[in-house]
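A.B. asks: Sequence plus the predicted model coming up.
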Amino acid sequence: MKYFIPFLKQQPFVPVIRLQGAIGAGGRSLSDQALAPVIERAFARGKPAAVALVINSPGGSAVQSSLIAARIRRLADEKRVPVYAFVEDIAASGGYWLACAADQIFVDPSSLVGSIGVIFASFGFPEFMAKQGIERRVVTAGKSKSFADPFLPQKPEDVDRLRALQGPIHAAFIEHVKARRGARLAEADLFNADIWVGQGAVDLGLADGVAHLVPKLRSIYGDKVRLVPYGQKRSLFQRLGARIAQDALSGVEEQALWARYGL
């Protein structure tokens, strides 16, 4: 009957949004388009005491990380709802970008945190092509169209251009971390893509404490706080495997991201 009697005190509730996996625009990756309905519902339902983010991500797209984090912050500010992030195995690169959308970040003693940097990785096959007698034929309109071609030897000018492209992205990442973490950050060099474990991240101001979701939220809002999970809804075709090929390719790419951290 409490629900129908507004002057009785309601139990506090906290929507819990799981951000699991690599970040990108397609496949099964975390993206702003896929997460928008989940995030919007979490903030729209009644008056939550807070919103919790459970993060387990090795990173991915800087743009999608920025869009997701910006959506969380916009709604948190509009609704005046605090946001807590809880890191599981890892919040690295774009995963840490997402964590910084929270007002406070908590980690497990073994969580990997950081990697505030930008990477471009590919393979090169010019020697293999030559040994197999394969001739690469490329015709372009615009000298940059064959930029960083994996079938051609790496050019110093291509490396310079890649670093020039990475610079603004890295700067945006650093600005986001500084804006969200502020004076909590230590005076150490935190922006060279290093990663830290658990308490080490707390000591440097990248996180606020070592704690897990349920006990921490109960300590803040009481033992009767209700934790309400929010997740992405899959279409019938997705559930029946209509996107198996696309998901398989995305899975290979995502596994490569996890493997960088030994996970």
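C.D. replies: Now that the structure is in, tell me what you want to look at.

A.B. asks: Now that Ser93 has come up, it's in contact with Gly117, right?
C.D. replies: Yes: between Ser93 and Gly117 there is a contact under CB atoms under 8 Å: 6.9 Å. The C-beta positions use only the backbone N, C-alpha and C, and glycine is treated the same way.

A.B. asks: Mind checking which of these two has more residues around it?
C.D. replies: Taking other CB atoms under 10 Å, Ser93 and Gly117 do not tie; Ser93 has more neighbours (29 against 18).

A.B. asks: Report the contact partners of that one.
C.D. replies: Ser93 makes contact with 58-60, 65, 115-117, 119, 193, according to CB atoms under 8 Å, 6 or more residues apart in numbering.

A.B. asks: Closest one to Leu19 out of these, please.
C.D. replies: Of all the contacts of Ser93, Ser65 has the smallest distance to Leu19: 10.1 Å, by CB to CB.

A.B. asks: sorry, back to before: so of the contacts of Ser93, which ones are in helices?
C.D. replies: Ser65 (DSSP state H).

A.B. asks: and the contacts of Ser93, which are buried?
C.D. replies: 58-60, 65, 115-117 (16 or more other CB atoms under 10 Å).

A.B. asks: now those in a markdown table, with distance to Val214?
C.D. replies: Listed next are those as a markdown table, based on distance: CB to CB, whole Å:
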| residue | distance to Val214 |
| --- | --- |
| Pro58 | 24 |
| Gly59 | 26 |
| Gly60 | 28 |
| Ser65 | 26 |
| Ser115 | 27 |
| Ile116 | 29 |
| Gly117 | 33 |
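
A.B. asks: coming back round to it: shared neighbours of Ser93 and Gly117, anything?
C.D. replies: Ala193.

A.B. asks: Show me the shaky parts of the stretch 151-263 of the chain.
C.D. replies: The stretch 151-263 of the chain contains residues with pLDDT under 70 at 151-155, 157-160, 162, 232-263.

A.B. asks: Which stretches in it count as strands?
C.D. replies: 195-197, 209-210, 226-230 (DSSP state E, counting those that start in this stretch).

A.B. asks: In its sheet, which strands sit next to the last one, and in what direction?
C.D. replies: Meaning strand 226-230. strand 13-20 (parallel) (DSSP bridges).

A.B. asks: mind listing what's buried in the strand it pairs with?
C.D. replies: 13-19.

A.B. asks: Equivalent analysis for stretch 206-217, please.
C.D. replies: Neighbour counts using 16+ other CB under 10 Å place 206-208, 210-211, 213, 216-217 of stretch 206-217 among the buried residues.

A.B. asks: Spatially, which two of the residues you listed are the most separated?
C.D. replies: Leu206 and Leu217, at 20.9 Å, using CB to CB across the buried residues of stretch 206-217.
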